[in-house]
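Visitor: Build the 3D model from these lines:
(one chain, ligands or ions: 1)
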Amino acid sequence: MKHYNLTINGETKDHHDYFDVINPATAEPFARSAKADAADVNRAVAAASNAFASWSTTPMAERSNLLHQVAALVEQHMPELMELIVQETGKPLNGLNGVGAGMEVGGAAAWIHVNADVTLPVEVIQDNDDARVEVHRKALGVVASITPWNWPLLIAAWHLTPALLAGNTVVIKPSPFTPITTARFVELANTVLPPGVLNLISGGPELGATLVEHPDVAKIVFTGSTTTGKHIMRSAATDLKRLTLELGGNDAGIVLDDVDPKAVAARLVSACFHNNGQTCAALKRLYVPSGIYHQLAQEMADLAAKLIVGNGLAQGVDLGPVQNERQLQIVMDLAESARQDGGHFLCGGERIDSKGYFYRPTIVTGLSNGHRLVDEEPFGPIVPIIEYQDLEQAIAMANDNPCGLGASVWSTDTARALAVATRLHSGSVWINEHGAVQPDAPFGGVKQSGFGVEFGHHGLAEFSAIQTVKIMK
Ligand code: NAD
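Guide: The predicted model follows:
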């Protein structure tokens, strides 16, 4: 089995300790990752601290140029990285609506290219006979990046591109479920970046905690669950570390009564089930008016039942397995609670007989807010469709959740949809679409989905501190 190593100070060396990484399609290990310890954290943070002086004073245009070279390496190694993504995440090479390993690897390269060209210009607040006042943006220092297992390479690219472009150095810790592609990517990136600028350590939650507690870390960018986000925020208080927290979502969609069920069913199924529902901003609760409730739910169930679930390396597969056994258990527990709450399963509701963590795409009707399947994020292939009588009730139910990542409104009347959309408590809202992010538009959560945004100039600014400069005339 192939071994993947830590990269510290530009060196990728054999380690004394490794752990198995499981392929969720087979439930068997397919690779081994080096297992970092506290001494490795210290070495990685020291390497990043030492590299900071020179990297933060390297002209931004040169840092941008090196990031474009990193993106080009991703493009050159696309087949290898895609296969690793399929093996560690389970997602198909292409997948439902083109959402798969190809999108992840191609998207990572595209995100780096677009965001490497964003700038942080000096802002002039005042320039008159008395004084000139300028706002400069300065790098923070060492950034700790902690990533989840659903989009490991893409989210790594989201974190490290603005962090490095702004002049910070980075220590990244991927999820122990999916450390392999990130390890290979960081190894490749280190063939063009100076030593110590981008370091990788690999291990579990304890290692993440050790990294974020390190006193020489200036900022933490974290994508993962709300529970872990709260732990990190508490630990960051010790040194007042800066934070970007991209946390859990339980995104609502509201269908308005002018919609033709046949016309939207396929797009809704894709919004709910792409990447097997394991996307932070997937559609996770759908509110539908009584007049079209049963027809739309049935149209969606008919389509969901036809999705091809299988090993992501096989051609034509729409959905792979759930990424890990723990997440599969969460999905099965929520399905069981939906059954006990009187939910009606229009499709799915069971595991697929296999060693892998496969679960049938599942649509449940007859539930409402207050039931666990509606209130909690399943982060898997199970979606409740909830009936509403009047629109005010639907808006209230959509907003009645601690999360506030994304939301959507579906209608043929854009003005009416927009009036509803702007009343939803979410960091992003889509009309006749759900979950589509793009590299130049800010993305982030409100409420317990976190704070701070990623992408574009708003995202880049998060990796800098303001220095106001006043020059007396
Ligand atoms: P998780 O919180 O269990 O783990 C995420 C990462 O945090 C892993 O690398 C883990 O090892 C590390 N970690 C765990 N405890 C830690 C601690 N105390 N200190 C530091 N690091 C620690 O999340 P997950 O199960 O990997 O991911 C699924 C969750 O992520 C879902 O809730 C999903 O909605 C969310 N998510 C959010 C976004 C977003 O942009 N908002 C994107 C993707 C996923």
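Visitor: Mind telling me which residue of the stretch 151-300 of the chain is nearest the ligand?
Guide: The nearest approach of the stretch 151-300 of the chain to the ligand comes at G208, 2.3 Å away (C-beta to the nearest ligand atom). (Each C-beta comes from the backbone N, C-alpha and C, glycine too.)
Visitor: Correct me if wrong: that residue contacts K173.
Guide: Yes - G208 is within contact range of K173, at 5.4 Å (criterion: C-beta atoms under 8 Å).
Visitor: tell me, what's touching the two both at once?
Guide: Taking C-beta atoms under 8 Å, 6 or more residues apart in numbering as the contact rule, G208 and K173 both touch I146.
Visitor: buried sites along stretch 87-97?
Guide: 87-97 (16 or more other C-beta atoms under 10 Å).
Visitor: okay if I get those residues as JSON lines plus pLDDT, distance to G310 and secondary structure?
Guide: Below are those laid out as JSON lines (pLDDT from 0 to 100; distance: C-beta to C-beta, whole Å; DSSP: H, G, I helix; E, B strand; the rest coil):
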{"residue": "Q87", "pLDDT": "98", "distance to G310": "14", "secondary structure": "helix"}
{"residue": "E88", "pLDDT": "98", "distance to G310": "17", "secondary structure": "helix"}
{"residue": "T89", "pLDDT": "98", "distance to G310": "14", "secondary structure": "helix"}
{"residue": "G90", "pLDDT": "98", "distance to G310": "10", "secondary structure": "coil"}
{"residue": "K91", "pLDDT": "98", "distance to G310": "12", "secondary structure": "coil"}
{"residue": "P92", "pLDDT": "98", "distance to G310": "8", "secondary structure": "coil"}
{"residue": "L93", "pLDDT": "97", "distance to G310": "11", "secondary structure": "coil"}
{"residue": "N94", "pLDDT": "94", "distance to G310": "12", "secondary structure": "coil"}
{"residue": "G95", "pLDDT": "95", "distance to G310": "11", "secondary structure": "coil"}
{"residue": "L96", "pLDDT": "96", "distance to G310": "12", "secondary structure": "helix"}
{"residue": "N97", "pLDDT": "93", "distance to G310": "17", "secondary structure": "helix"}
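Visitor: ok, of those residues, which one's closest to N199?
Guide: E88 (20.4 Å; C-beta to C-beta).
Visitor: how about the longest helix along the chain: buried residues?
Guide: Counting residues, the longest helix in the chain under DSSP state H turns out to be helix 38-56. By 16+ other C-beta under 10 Å, the buried positions in helix 38-56 come out as 40-41, 43-49, 51-52, 55-56.
Visitor: For the ligand, state which of the residues you listed is nearest.
Guide: Among these, V41 lies closest to the ligand (C-beta to the nearest ligand atom), at 11.2 Å.
Visitor: you'd agree that closest one is up against V212?
Guide: No - V41 is beyond contact range of V212, at 9.9 Å (criterion: C-beta under 8 Å).
Visitor: ok, now which ones touch the closest residue to the ligand within the stretch 1-150 of the chain?
Guide: Closest residue of the stretch 1-150 of the chain to the ligand, C-beta to the nearest ligand atom: P148 (3.2 Å). By C-beta under 8 Å, 6+ apart, the residues touching P148 are 155, 175, 223-225.
Visitor: between those residues, which has the most around it?
Guide: Among the contacts of P148, I155 has the most neighbours (other C-beta atoms under 10 Å), with 28 neighbours.
Visitor: Contact partners for it?
Guide: Per C-beta under 8 Å, 6+ apart, neighbours of I155: 147-148, 223.
Visitor: As TSV, the residues you listed with pLDDT would be great.
Guide: Formatted as TSV, the contacts of I155 follow (pLDDT from 0 to 100):
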residue	pLDDT
T147	98
P148	98
T223	98
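Visitor: what does the stretch 51-200 of the chain put close to the ligand?
Guide: Residues of the stretch 51-200 of the chain lying close to the ligand (C-beta under 6 Å from any ligand atom) are 146-150, 173, 175-176.
Visitor: Any regions of the stretch 301-450 of the chain where pLDDT drops low?
Guide: Across the stretch 301-450 of the chain, not a single residue meets the criterion (pLDDT under 70).
Visitor: Could you pick out the residues of it near the ligand for me?
Guide: Near the ligand, when you scan the stretch 301-450 of the chain using C-beta under 6 Å from any ligand atom, you find 377, 379, 405, 445, 449.
Visitor: ok, how many other residues are close to the second one?
Guide: With neighbours defined by other C-beta under 10 Å, the count for F379 comes to 25.
Visitor: Let me know the secondary structure of it.
Guide: Recorded secondary structure, F379: coil (DSSP: H, G, I helix; E, B strand; the rest coil).
Visitor: Give me the pLDDT value at the residue nearest to it when sequence neighbours are not counted.
Guide: Nearest residue to F379, sequence neighbours excluded (C-beta to C-beta, 6 or more residues apart in numbering): Q278, at 5.6 Å. We have a pLDDT of 98 for Q278.
Visitor: before we move on, what about S33?
Guide: Confidence score, pLDDT, at S33: 98.
Visitor: those strands in the stretch 301-450 of the chain, which residues are they?
Guide: 344-347, 362-365, 382-388, 403-404, 406-410, 428-431, 446-447, 450-451 (DSSP state E, counting those that start in this stretch).
Visitor: Let me know which of those is tucked in deepest.
Guide: strand 406-410 (a mean of 29; mean count of other C-beta atoms under 10 Å).
Visitor: Now do that one: which elements does it pack against?
Guide: strand 251-255, helix 261-273, helix 414-421, strand 428-431 (3 or more C-beta pairs under 8 Å, 6 or more residues apart in numbering; DSSP states H and E).
Visitor: Which among the residues of the stretch 51-200 of the chain next to the ligand count as buried?
Guide: 146-150, 173, 175-176.
Visitor: Tell me which two of those residues sit farthest apart.
Guide: Pairwise over these, using C-beta to C-beta, the maximum falls at N150 and K173, 15.7 Å.
Visitor: And the helices in the stretch 151-300 of the chain, which stretches?
Guide: Remark: helices assigned in the stretch 151-300 of the chain by DSSP state H, counting those that start in this stretch are 152-165, 180-189, 205-213, 226-236, 261-273, 290-305.
Visitor: ok so, going back, could you redo the buried residues of helix 38-56 as TSV and give each row pLDDT?
Guide: Formatted as TSV, the buried residues of helix 38-56 follow (pLDDT from 0 to 100):
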residue	pLDDT
D40	98
V41	98
R43	98
A44	98
V45	98
A46	98
A47	98
A48	99
S49	98
A51	98
F52	98
W55	98
S56	98
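Visitor: and stretch 415-432, how far from the chain's centre?
Guide: Remark: stretch 415-432 is offset 21 Å from the chain centroid, using C-alpha atoms, centre = their mean, to the nearest Å.
Visitor: so what's H3 closest to, chain neighbours aside?
Guide: Closest to H3 by C-beta to C-beta, 6+ apart is R32, at 4.8 Å.
Visitor: elements contacting the host helix or strand of the one you found?
Guide: If you go by DSSP states H and E, R32 is part of strand 28-34. Counting contacts by 3+ C-beta pairs under 8 Å, 6+ apart, strand 28-34 packs against strand 2-4, strand 18-23, helix 78-89, helix 180-189.
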